[in-house]
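# for reference, the sequence and a predicted model appear below.
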Amino acid sequence: MREDRVRSKAPQILSGWKEIANYMGKGVRTVQRYERLFGLPVRRPAGKACGSVVATKAEIDAWVGASPIREGLQLVRPATEFSATTWSNVQAGLAKMRELAQQMQELRTELRSSVILLRQTISNVQYGLDGGQSPRQTQKLEAENLELQSRNLLARISSDLAGRKVS
């Protein structure tokens with residue numbers, strides 16, 4: 001019976017950074033920073049500046065309770081809740097962002113097609129002035145234009161499919 005009283009009065013010891021961090025509900029690096037910057041009460045074996053540590057639950061509880069900056073430490077994480085209007089605003093913003101990204105892709109493809117058409121026209125004018133046209137150059141530019149148009153079509157199809165999956 002006397003042993004039970006001694007055990008109940010013995011301090012509950014936390015061994016190592018992981019146990020201390022779990023007890024406080026924080027990460028190991030955060031607890032180490034608390035020790036370094038704010039004097040979190042931990043003990044090390046004699047002669048060791050770093051490494052393994054021990055602490056008692058009572059000392060940590062007292063440190064948290066007496067600390068003038070305990071509110072700044074936010075040892076209890078507040079519950080984050082979004083209102084329905086905030087959530088709908090976020091969803092609307094994401095939908096607008098997807099729409100703008102698709103429009104941007106279409107404009108890029110259209111610009112590339114215009115540049116290819118411009119090259120083709122310039123090439124035709126140059127060869128027309130010289131008295132002949134280069135069918136090889138014209139075929140190459142037409143192939144590039146067809147490739148860009150097929151890419152644009154594939155991009156539209158994939159964005160349509162992605163839009164259906166998200167909704």
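Structure's in. What do you need?
# so where do the strands sit in the chain?
Counting by DSSP state E, the chain has strands at residues 13-15, 54-56.
# the last one: which residues count as buried?
Okay, so that is strand 54-56. Ala55, Thr56 (16 or more other Cβ atoms under 10 Å). Heads up, the C-betas are built off the backbone N, CA and C, glycines and all.
# same check on stretch 25-43?
Quick answer for stretch 25-43 (16+ other Cβ under 10 Å): Lys26, Val31, Gln32, Tyr34, Glu35, Leu40, Val42.
# distance between it and the chain's centre?
26 Å (Cα atoms, centre = their mean, to the nearest Å).
# quick check: end-to-end length of that stretch?
19 Å (Cα to Cα, to the nearest Å).
# ok, the nearest residue to Gln120 once chain neighbours are set aside to Thr121 distance?
Nearest residue to Gln120, sequence neighbours excluded (Cβ to Cβ, 6 or more residues apart in numbering): Leu141, at 4.1 Å. Plainly put, Leu141 is 9 Å away from Thr121 if you go by Cβ to Cβ, to the nearest Å.
# higher neighbour count, these two?
Neighbours were counted for Leu141 and for Thr121 using other Cβ atoms under 10 Å; Leu141 has more, 20 against 11.
# can I see the domain layout of this structure?
2-73, 91-166 (automatic domain parsing).
# out of the strands of the chain, nearest to Gln91?
Closest approach to Gln91 among those is made by strand 13-15 (43.7 Å; Cβ to Cβ).
# helices or strands up against the closest one?
strand 54-56, helix 57-66 (3 or more Cβ pairs under 8 Å, 6 or more residues apart in numbering; DSSP states H and E).
# pick the most deeply packed of the ones you listed.
strand 54-56 (a mean of 19; mean count of other Cβ atoms under 10 Å).
# contacting residues around it?
Pro11, Gln12, Ile13, Leu14, Ser15, Gly16, Ile20, Leu40, Pro41, Val42, Arg43, Arg44 (Cβ atoms under 8 Å, 6 or more residues apart in numbering).
# which residue is the nearest non-sequential neighbour of the second one?
The one in question is Gln12. Sequence neighbours aside, Lys57 is the residue nearest to Gln12 in space, at 4.5 Å (criterion: Cβ to Cβ, 6+ apart).
# show me where the protein has its helices.
2-9, 16-24, 28-38, 57-66, 70-73, 84-129, 135-166 (DSSP state H).
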